[in-house]
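Student: need a 3D model of the following:
(chains A and B)
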Amino acid sequence: MQKFVIRHSMTSLLPPFDFERMILAPWTTALDTYGWMTLMAFLVTATCGLIGNYLILRRMALVGDAISHSVLPGLAVAYLVSGQLTLPAMIAGAVGAGLLTTFLIEFLHTRSRIKADAAIGITFCSLFAFGVVLINLFASKIHLDAECVLYGELSYLPSEPMVAILGHDLAPQPVLVMSCVAILVSLLVIFFYKELLLTSFDALLAGSQGFRPGLVHLLLMGVLSVVIVAAFESVGAILVIAMLILPGATSQLLSTRLPVCLWLSLLHALLSAIGGLHLSLILGCSMAACVVVAGAVLFGSAWLYTVIVNALHKKAALSAPVEA
Amino acid sequence: MTTLCHAQRSRAGRLSLLSSLLYPLPSLLYLLSSSTAHAARIGDLTETTVSEQALRFFTFSDPSLRLALIGCILLGLNCGLLGGFIVVRRMSLVGDTLSHAVLPGVALGFLWNMTKDPVAILIGATLVGGLSMLTINAITRTTRLKEDAAMGLVLSSFYAVGVCLIGMIQKLPTGNKSGIDKFLFGQAAALNGGDIALLAVTAVITLLFVTLGYRGLLTLSFHRAFGATLGVPVNLLHHAMMLLTAFAVVTAMQAVGVVLVSAMLIIPAATACLITDRMHRVLLWSALIGMGTAALGAFFSFLGNNLPTGPFMVLAGAVLFAAAFLFSPQQGWLTRLWRQRSQRERIERENMLKAMYHLAERREFREEGISLLELAEQRREPLETERLNASKLVHQGLATLSDDATMLHFTPEGWRKACAVVRNHRLWELYLTNVMQYGADHVHDDAEKIEHVLGEDTVRQLERRLDFPQTDPHGKPIPGARDVHGAARTRPNETTGYTR
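Tutor: Residues are numbered from 1 along each chain as shown, chains lettered A, B, ... in the order given. All right, here's what the predicted structure looks like:
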């Protein structure tokens, strides 16, 4: 009986494989549905990946984790204050919450014996809990879906109203917003390349050259909050951490040059978006999670590659004849 | 000898820890055993008012509420005890990583026979949790990536796999009613007897582990290498602790939720660290705060008709933490600010009194009043500042101000204080020149600082050491202990009546 249940559940877990529907259709007949979803997934992963590269270099990966959680109360408060979630309110709430988080973490661990790791945990858990409580207490006023916070949802995209410019339907609104954020982030990375590079690798030197590392840090946190809030509905609070870290981590395994890393993380974003689309069709589950799984598989391959290459190098070094 | 004392003390600490942790157990048993009348599940009655709900909560008339409450208290105990070690070992974010990363394990445990079987879920989640820790280890060992990146990466990737699995389960015909979604924000009302039994077993194991292995855990937490040289099995203890942490996280997840369960590890323990210093007291406080916040979370969730429990627990914990952070007697931020401020004010007062003493001394104590103008000159400060300081002295009862507000007079209390400061200063100067062989022109600045903190005992010791001197290195007389304590005035100054 037990075995039967298991076999039964295992077979019905996966929908039957259908090459036509799962591999071909998204690029041909159903392009206007899946195209937007894939584009959105790519934009989110690419934008997060660009910022994530700097987060990893600055060893602030877990601050990204913290901010991604605390954007939730920011959104809830923005909802309560402004009545409905307009774009400016959303961004104001998110940036406010992001800066509050960085400030609180700093404050807790410099003003008491609490260490930085505990300060991060306390801050984001409390803020996140506050957000969830707000959403539950004012459920009639705040139209945030708890499920979406945890899982993210990309499939609503095709049903979003199109934004028309000059009489042409351009793109669904979330996609448009995300592309604006993506362009903003790329421009910032291009224009402030030197500042970001120097402050990430050697904040002291940057300070002595007059670059204001503190300001760069705050700006980075602000931009990070904007990116997270733009991606929030699509991928949720927790999966966005993966989008932040996976591309950068993968590319930093493969290269030691920052420009190469940035390009590689864009490539990683593209591959994981496409892989995620097909994976979600094959497994029949949430696309946002599948994009992350695809990204994790890419990371795993890169990791395996570096481990093998390192092992070969070591072997070659060991077997090489010692020069006299 | 000292080690022996230490061992005895720590054994006593361990015993008191054990006994005080056992106190809540009888009341828990009482809760379990009392009446089992059928009543609605927590918050099913939506018609009730807040006060009625509160009454129902405190009379424990609701069996499912009793279960939920017992579960919450047990998980608070578990998480509080382990959290103490986690926080002092700076591994707070490990709890966070574990709680997210075990999600696929929960889903797999659920898939085992398609019901919410707590044991299967515990096994699945523990295995996956262990796997996630191994992956983090492997990533940091074999690549350039730092631990934070590795943790974030593993946390979110495992979580994504879990979300995929849960999505697939919910598509199944049986999966939808499974209540697996309760794992995400937590619902204490969804705890059933099996969950409680599991929580209780985990709590007992944790209690035994912490009390029996207390000394080993102590060395592991504060000096792992030293523990290893002593022959303490630190690696074994570390892995056992991680395993128990995984147990605590997984069993608590049902009530607190995946995202917030790490907070139950961190917040009570961090609060305890702000309240007290010794590790066994930290553990005790941490367990108590954990149980308290968990019960509060259950209470508020009950008041609000089935609101998720986890966020309320965390908020209750956050409020307690904030209170400890601001007002804790030793560590509180505001208490320390206040202490610093009163210290600063005392030093300011003493400097003012000292300046008055110097002026009086320059006139060889012939005049009673010290004019504010001269005082301002002596201290090189604006007259306004001196007026302010003078009014503070008057307020403290250390001096009186003449009617036209130009002259200051010592009160007997003020005179004693001034003598004490000058005495400290001059004795210290003498000590530095005579005993420590400083040059006479190098001692003043040092004495300026130390005069405010020398205690009575130290001053007497100095005096003995210097053989009860009468004058300081600059030839000025040192006020004696009698001046300071205002006993018999042996050498009254004929003009002022004050002793010198």
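Student: can you pull out the strands in the chain?
Tutor: If you meant another chain, say so; for now it's chain A. A:162-165, A:168-172 (DSSP state E).
Student: I was after chain B.
Tutor: Under DSSP E, chain B gives strands at B:370-371, B:399-401, B:407-410.
Student: just checking: what are the partner strands of the longest one?
Tutor: So the one you mean is strand B:407-410. strand B:370-371 (antiparallel), strand B:399-401 (antiparallel) (DSSP bridges).
Student: so for A:V216, which of the ones you listed sits nearest?
Tutor: strand B:399-401 (53.6 Å; Cβ to Cβ). The way it works is simple: take the backbone N, C-alpha and C, and place the C-beta from them, glycine included.
Student: from the chain's centroid, how far away is the closest one?
Tutor: 43 Å (Cα atoms, centre = their mean, to the nearest Å).
Student: could I get the average pLDDT for that strand?
Tutor: Strand B:399-401 shows a mean pLDDT of 86.
Student: contacts for it, please.
Tutor: B:353, B:356, B:390-391, B:393-394, B:407-411, B:414 (Cβ atoms under 8 Å, 6 or more residues apart in numbering or on different chains).
Student: okay, B:Q437 and B:Q470: tell me how far apart.
Tutor: 21 Å (Cβ to Cβ, to the nearest Å).
Student: in TSV: the strands paired with strand B:407-410, plus mean neighbour count and distance to B:W112.
Tutor: Shown next, in TSV, are the strands paired with strand B:407-410 (neighbours: other Cβ atoms under 10 Å in any protein chain shown; distance: least, Cβ to Cβ, whole Å):
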stretch	mean neighbour count	distance to B:W112
strand B:370-371	19	88
strand B:399-401	20	82
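Student: got a PyMOL select line for the buried ones in the contacts of strand B:399-401?
Tutor: In PyMOL, a selection of the buried entries from the contacts of strand B:399-401 looks like this (16 or more other Cβ atoms under 10 Å in any protein chain shown):
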select buried, chain B and resi 353+356+390+393+394+407+408+409+410+414
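Student: quick check, nearest of the contacts of strand B:399-401 to A:P158?
Tutor: Using Cβ to Cβ, those come closest to A:P158 at B:S391, 75.2 Å.
Student: who does the spatially closest residue to the closest one that is not a sequence neighbour bridge with?
Tutor: Using Cβ to Cβ, 6 or more residues apart in numbering or on different chains and skipping residues adjacent in sequence, the residue nearest B:S391 is B:L401, 7.3 Å away. Assessed by DSSP bridges, B:L401 has beta-bridge partners B:L408.
Student: so how far is B:R379 from B:L401?
Tutor: 17 Å.
Student: is any residue of stretch B:73-88 near chain A?
Tutor: Yes. Against chain A, stretch B:73-88 shows contacts by Cβ under 8 Å from any Cβ of the partner chain at B:V87.
Student: wait, which of the strands of chain B is closest to B:G304?
Tutor: Comparison of the strands of chain B against B:G304 by Cβ to Cβ identifies strand B:399-401 as nearest, at 59.4 Å.
Student: residues contacting B:L244?
Tutor: Neighbours of B:L244 in contact, by Cβ under 8 Å, 6+ apart: B:82, B:202, B:205-206, B:209.
Student: tell me how far it lies from B:H100.
Tutor: 19 Å.
Student: again, but for A:L57
Tutor: Distance from A:L57 to B:H100, by Cβ to Cβ: 23 Å.
Student: ok, the two, which is more surrounded?
Tutor: Neighbours per residue (other Cβ atoms under 10 Å in any protein chain shown) separate A:L57 from B:H100, with B:H100 holding more: 27 against 20.
Student: surely the more buried one touches A:A237?
Tutor: No. Applying Cβ atoms under 8 Å, one finds B:H100 not in contact with A:A237, separated by 11.0 Å.
Student: shared neighbours of the two, anything?
Tutor: B:V259.
Student: circling back to that earlier point, going by mean pLDDT, which of the strands of chain A comes out lowest?
Tutor: strand A:162-165 has the lowest average pLDDT among the strands of chain A, namely a mean of 69.
Student: let me know the pLDDT of residue 214.
Tutor: Unless you meant another one, I'm taking chain A. pLDDT, read off for A:G214, is 88.
Student: wait, I meant chain B there
Tutor: 92.
Student: how about the residues of the stretch 201-350 of chain B near chain A?
Tutor: B:258-260, B:262-263, B:266-267, B:269-270, B:273-274, B:304, B:307-308, B:310-315, B:317-318, B:321, B:325, B:331, B:333.
Student: apply 7 Å and report the result again.
Tutor: B:259-260, B:262-263, B:266-267, B:270, B:273-274, B:307-308, B:311-312, B:314-315, B:318, B:321, B:325, B:331, B:333 (Cβ under 7 Å from any Cβ of the partner chain).
Student: what is the burial count for the spatially closest residue to B:T126 that is not a sequence neighbour?
Tutor: Closest residue to B:T126 apart from its sequence neighbours, by Cβ to Cβ, 6+ apart: B:A246 at 4.9 Å. Neighbour count for B:A246, taken as other Cβ under 10 Å: 26.
Student: show me the shaky parts of the stretch 151-300 of chain A.
Tutor: A:163-164, A:166-169 (pLDDT under 70).
Student: and it, which of its residues are near chain B?
Tutor: Neighbours of chain B within the stretch 151-300 of chain A, by Cβ under 7 Å from any Cβ: A:151, A:238-239, A:241-242, A:245-246, A:249, A:252-253, A:283-286, A:289-290, A:292-293, A:296, A:299.
Student: and those residues, which are buried?
Tutor: A:151, A:238-239, A:241-242, A:245-246, A:249, A:252-253, A:283-286, A:289-290, A:292-293, A:296, A:299.
Student: quick one: the longest helix seen in chain A to chain centroid distance?
Tutor: Across chain A, the longest stretch assigned as helix under DSSP state H is helix A:213-254. Averaged C-alpha coordinates place helix A:213-254 at 5 Å from its chain's average position (Cα atoms, centre = their mean).
Student: kindly report the same for stretch A:294-306.
Tutor: 17 Å.
Student: residues making contact with it?
Tutor: A:45, A:242, A:246-247, A:249-250, A:253-254, A:268, A:271-272, A:275-276, A:279, B:143, B:153, B:157, B:160 (Cβ atoms under 7 Å, 6 or more residues apart in numbering or on different chains).
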